[in-house]
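# Next come a sequence and a model predicted from it.
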Amino acid sequence: MPIIIYIDLVILINFIIDLLLLISVDLLLKRKTKFKRIIIASLLGSISTLLLFYINNNFILLLFKLLISILMVVIAFKYETFNYFKDNIIWLYILGIILGGTIFLLNNQIALVNNGLVFSEKGFKINIIILCIISPIIIYKYLQYHKSFQDIYSETYDVDIYYKGIKITGTGFLDTGNRLKDPYFGRPIILINKDLIKKKVNTFLVPYNSAGYKGMLKVFKPDKVIINDKSTKKVLIGLSDVNLNGIKIILNTEVI
């Protein structure tokens with residue numbers, strides 16, 4: 001059977017995808033570029049796809065795609081420095097791989113009569129609608145997850161807690177809301193998940209008042225705590241149930 005290719009739809013789909021990827025790079029890296037530059041770059045990317053039908057050499061095709069990507073990034077975000085340009089082009093490809101890979105996965109895993117959901121032999125117009133709906137959702141969710149993880153892991157530290165021959169090692173998160181102090185001597189309190197304690201430690205209770213909650217917190221006095229190679233002894237370790245996406249040590253603002 002002869003393959004029918006609708007040139008106008010190919011250009012439209014590529015324009016939407018390129019536009020979506022460039023906007024995502026702009027939001028992710030906070031470039032704050034003018035929208036008309038993104039439009040022009042997306043038009044270049046979409047129109048250039050027509051030449052792909054006339055290039056039979058795989059190596060030349062690869063070079064052509066790379067050249068178009070470079071031109072799109074320069075048009076959309078200008079060229080400031082090499083590192084600035086490098087970040088733009090790398091994230092363009094990363095987002096493209098994430099989007100393309102997710103769509104391909106959906107097409108293979110969620111099949112309708114073994115004909116695919118996104119790409120199928122029939123229902124081309126339906127495919128375009130599905131693609132236009134799914135693509136922004138995929139990119140939006142990725143940016144959302146990326147931001148949440150970036151917010152968390154940008155404030156993480158390597159933590160080693162020493163207590164009578166015991167060493168507790170983990171990743172600590174600096175919580176600006178953790179200002180707990182020992183009311184007796186003013187020592188800052190680091191919160192850790194009690195599951196990290198594998199041996200018995202000598203604990204005592206200190207009163208606490210945090211975010212409107214009052215109570216008694218079980219703590220112990222470590223021999224020392226090392227946070228990113230910085231050692232301190234004037235600190236208490238509070239036992240709790242903290243678990244922030246797998247991070248089980250919540251640091252006090254006064255220990256950094």
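Happy to help now that I have it.

# Asn228 and Pro222, how far apart?
Using C-beta to C-beta, to the nearest Å, one gets 16 Å for the distance from Asn228 to Pro222. C-beta here means a position set from N, CA and C on the backbone, and glycine is covered the same way.

# Looking at those two, which has the bigger crowd around it?
Pro222 (20 against 11; other C-beta atoms under 10 Å).

# Pretty sure that one sits against Thr232.
No: under the criterion of C-beta atoms under 8 Å, Pro222 makes no contact with Thr232, lying 9.3 Å away.

# CA atoms of the host helix or strand of Lys214 as CSV?
Assigned by DSSP states H and E, Lys214 belongs to strand 213-220. The C-alpha trace of strand 213-220 is given here as CSV (Å, rounded to 0.1, in the frame of the first residue of the first chain):
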residue,chain,number,x,y,z
TYR,A,213,2.0,21.8,68.6
LYS,A,214,3.4,21.2,72.1
GLY,A,215,4.7,18.0,73.6
MET,A,216,7.8,16.1,74.8
LEU,A,217,10.5,15.0,72.3
LYS,A,218,12.8,12.1,73.0
VAL,A,219,16.4,13.2,72.3
PHE,A,220,20.0,12.1,72.9
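
# Which positions in the helix or strand following that strand come out as buried?
For strand 213-220, the following helix or strand on the C-terminal side (DSSP H and E) is strand 224-227. Residues of strand 224-227 classed as buried: 225-227 (neighbour count, 16 or more other C-beta atoms under 10 Å).

# roughly how far is strand 224-227 from the heart of the chain?
Per C-alpha atoms, centre = their mean, to the nearest Å, the displacement of strand 224-227 from the mean C-alpha position of its chain is 29 Å.

# Ok, stretch 61-68 next?
28 Å.

# shouldn't Phe15 be in contact with Ser42?
Yes: with contacts counted by C-beta under 8 Å, Phe15 reaches Ser42, the gap being 5.3 Å.

# Tell me the secondary structure at Tyr79.
coil (DSSP: H, G, I helix; E, B strand; the rest coil).

# May I have the residues that are in contact with it?
Phe85 (C-beta atoms under 8 Å, 6 or more residues apart in numbering).

# cutoff 10 Å now
By C-beta atoms under 10 Å, 6 or more residues apart in numbering, the residues touching Tyr79 are 70, 73, 85, 88.
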